[in-house]
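Novice: Sequence below, structure please.
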Amino acid sequence: QVQLVESGGGLVQPGGSLRLSCAASGIAVSIYNMGWYRQAPGKRRELVADIRSGGGTKYGDSVKGRFTISRDNAKNMVYLQMNNLKPEDTGVYYCNAQFRGLEDYDYWGQGTQVTVSS
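Specialist: Here you go, the predicted model:
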């Protein structure tokens, strides 16, 4: 059974930092494309950052230069370091795992709330 469990969300003031963690079980994050998505109230879910199985990374335009995605294959964990947070970063952040091959797999965590407010 595959599980993705996010942690690290919370309330932070503008300009602050948070580090989100995604603990994976049932899959090896090293062979999946792992991503962080977020959904703000009334908005569609959007890609924040992803890290491919080969190590390449991609970021949403609004977070470039402020957020960093990383992966620890030994711990089977994925992280999102978020710096200089802004109120518009508020939302539920979801961990995602995708595998594209002879069969496609797509898994989601339950999400963790991030609120940026003074």
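
Novice: Name the residue closest to the centre of this protein, please.
Specialist: W36 (2.3 Å; Cα atoms, centre = their mean).

Novice: Direction included, what does the helix or strand harbouring it pair up with?
Specialist: In the assignment (DSSP states H and E), W36 maps to strand 33-39. Under the criterion DSSP bridges, strand 33-39 sits next to strand 46-51 (antiparallel), strand 91-100 (antiparallel) in its sheet.

Novice: and of those strands, who's closest to G60?
Specialist: Taking Cβ to Cβ, strand 46-51 is the member of these nearest to G60, at 5.4 Å. (C-beta placed from N, C-alpha, C; glycine too.)

Novice: for that closest one, which positions count as buried?
Specialist: Buried residues in strand 46-51, counting neighbours by 16 or more other Cβ atoms under 10 Å, are found at 48-51.
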